[in-house]
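Enquirer: Sequence plus the predicted model coming up.
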Amino acid sequence: RAASSVTIPPPACMLQPLEVPTRYLFGPGPSNVSPRVLAAGGRPIIGHLHPEMYQIMNDIKKGIQYAFQTSNNMTLSMSGSGHTAMECAVFNTVEPGESVLVSINGVWGERVAEIAERMGGKVHTLVKSPGGHFTNEEIEKALAKHKPVLFFLTHGESSAGLVHPIDGIGDLCRKHNCLFLVDSVASLGAAPLLMDQQNIDILYTGSQKALNAPPGTAPISFNDRACHKMFNRKTKPVSYLLDMTHLSNYWGNDGKPARDYHHTGPVSGFFTLRESLAILAEKGLENSWRQHKEVAEYLWKGIEDLGLKLFIKDKDLRLPSVTTIAIPEGYNWRELLTYMMKHHQMEMTGGLGPSIGMVIRVGLMGYNCSKPNADKALAALADALKHCPKSKA
Ligand code: PMP
């Protein structure tokens, strides 16, 4: 019998309009974004290989170079979230059997270790409990011992609320002939980071945090050392989609006269990314860093005035974009979060990976980064503390 008629009817939900609530996204991301960025996403679609799109991609490249403080030619955006950039960095620079050193002080190192393991890397880890950080001596000892081709560090550890010192580590990696890979998904635009001056070989970020665009794109940059390693490999990277030989052509970075079709980039996502990078360029990086720090300090004081404790004791190690509060004794953190969502339409979140059950996370990033929003977050927290019955445990 020939297949001739549909047997599955249109689902009832699809005959209803799209419903999206208005919420305060005061967790670790995504963040609320400005009307200007939202409007950019509503512009007409153009072809991913049209000259106007190439111009927009060229602008994005310039915007990323500014945000990262790099003159690297090999600068582009991934078509995908922060994880796409994590995989792209590892897949392209590591060959199966090569040694990789991953620092783990929260969930992001755990993820990168797993990514490197899955593609056949020989993974070594440096581990601290969430909120811990590594001294340059500890890092150098591990570099000397494991002789990795790649060392991974998270700049803004959003699961722990820690901003990791970077100075000097890039030099150690050079001394030990290793590439320095840094995750700035949660910190870019919120805490100082200077790719070229700090000798970071590969840097990536995400769109949906302090950079303040919708989720779905992820800027990344490779310097000449990283390019030399990834373009002189013996084996092809395991991923076709994330192969930098193709992506560098798509972004016009390989010096060839034509860009060939590789994949269809997220056209609207690139519009919004361009707009968020434009807002950062207009505001200035230093002003953005200052704004995030000032609002974070205001929030930290308010949190302590509520009688709560900050999870990261040392002020200089606190991530300005994502603040972690130690879960107050006797409270059930899930109840507090549920209360704030129900009564304040406000998202804050619990921990992630090894910090689950340790912290509540509050993020005031980009468009959300203001003292009136900090006051709203503090009022919601105060209200939740008042109304959530203390657990019996
Ligand atoms: N690294 C860090 C530090 C992050 O905070 C996040 C997102 N929470 C990621 C990586 C992963 O990004 P995404 O969810 O966009 O894949």
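Expert: Structure's in. What do you need? Numbers count the residues shown, from 1 in each chain.
Enquirer: Look up how far Y66 lies from the residue nearest to the spatial centre of the chain.
Expert: Note on the chain: the residue nearest the mean C-alpha position is V185, at 1.9 Å, using CA atoms, centre = their mean. Going from V185 to Y66 by CB to CB, to the nearest Å gives 18 Å. Heads up, the C-betas are built off the backbone N, CA and C, glycines and all.
Enquirer: on that earlier part again, correct me if wrong: the residue nearest to the centre of the chain contacts T84.
Expert: No. In this structure, V185 is not within contact of T84 by CB atoms under 8 Å, at 11.1 Å.
Enquirer: hey, what's in contact with both of the two?
Expert: Jointly contacting V185 and T84 under the rule CB atoms under 8 Å, 6 or more residues apart in numbering are A218.
Enquirer: If we ignore the residues flanking it in sequence, what's nearest T324?
Expert: Nearest residue to T324, sequence neighbours excluded (CB to CB, 6 or more residues apart in numbering): G161, at 3.1 Å.
Enquirer: can I assume that neighbour is in contact with A326?
Expert: No. If you go by CB under 8 Å, G161 and A326 don't touch, sitting 10.1 Å apart.
Enquirer: which residues are common contacts for these two?
Expert: Joint contacts of G161 and A326 (CB under 8 Å, 6+ apart) are L310, F311, V359.
Enquirer: Neighbours of whichever residue of the chain sits closest to the ligand, how many?
Expert: Nearest residue of the chain to the ligand, counting by CB to the nearest ligand atom: G82, 2.4 Å away. By the criterion of other CB atoms under 10 Å, G82 has 28 neighbours.
Enquirer: repeat for Y261
Expert: Count around Y261 with other CB under 10 Å applied: 10.
Enquirer: Over to S129?
Expert: When neighbours are defined as other CB under 10 Å, S129 has 12 of them.
Enquirer: part of a strand, is it?
Expert: No. Applying DSSP: H, G, I helix; E, B strand; the rest coil, one finds S129 to be coil, outside a strand.
Enquirer: What are the phi and psi values at it?
Expert: Phi and psi for S129, reported as degrees, to the nearest 10, are phi -70, psi 160.
Enquirer: does it really touch G109, like I thought?
Expert: No. Contact status for S129 versus G109: not in contact, 11.9 Å apart, counting by CB under 8 Å.
Enquirer: hey, where'd the helices end up in the stretch 1-150 of the chain?
Expert: Secondary structure of the stretch 1-150 of the chain by DSSP state H, counting those that start in this stretch: the helices cover 35-41, 51-68, 82-93, 107-118, 136-146.
Enquirer: Just the mean pLDDT for the third one, thanks.
Expert: Which is helix 82-93. Per-residue pLDDT values across helix 82-93 average out to 98.
Enquirer: Identify the residues contacting I104.
Expert: Applying CB under 8 Å, 6+ apart to I104 gives the contacts E110, A113, T125, L126, V127, K128.
Enquirer: what sits against A190?
Expert: Contacts for A190 were tallied using CB under 8 Å, 6+ apart; they are G156, K209, A210, S288, W289, H292, L319, P320, S321, M365, C369.
Enquirer: Of those residues, which is the most crowded?
Expert: Highest neighbour count within the contacts of A190, by other CB under 10 Å: A210, with 34 neighbours.
Enquirer: element containing that residue, please.
Expert: Under the criterion DSSP states H and E, no helix or strand holds A210.
Enquirer: next one: phi and psi at it?
Expert: Phi and psi for A210, reported as degrees, to the nearest 10, are phi -70, psi -30.
Enquirer: tell me which residues in stretch 238-256 are buried?
Expert: Neighbour counts over stretch 238-256 (16 or more other CB atoms under 10 Å) mark 238, 241-244, 246-254 as buried.
Enquirer: Narrow the residues you listed to those in helices?
Expert: Among the buried residues of stretch 238-256, the residues falling in helices (DSSP state H) are M244, H246, L247, S248, N249, Y250.
Enquirer: quick one: pLDDT of the residue nearest to the fourth one when sequence neighbours are not counted?
Expert: The reference is to S248. Excluding the flanking residues, the one nearest S248 by CB to CB, 6+ apart is D254, at 4.4 Å. Note for D254: predicted pLDDT of 97.
Enquirer: same thing with the one 3 residues further on?
Expert: As predicted, P257 sits at a pLDDT of 93.
Enquirer: do P389 as well
Expert: pLDDT at P389 comes out at 74.
Enquirer: Number of residues surrounding A3?
Expert: A3, neighbours per other CB under 10 Å, totals 6.
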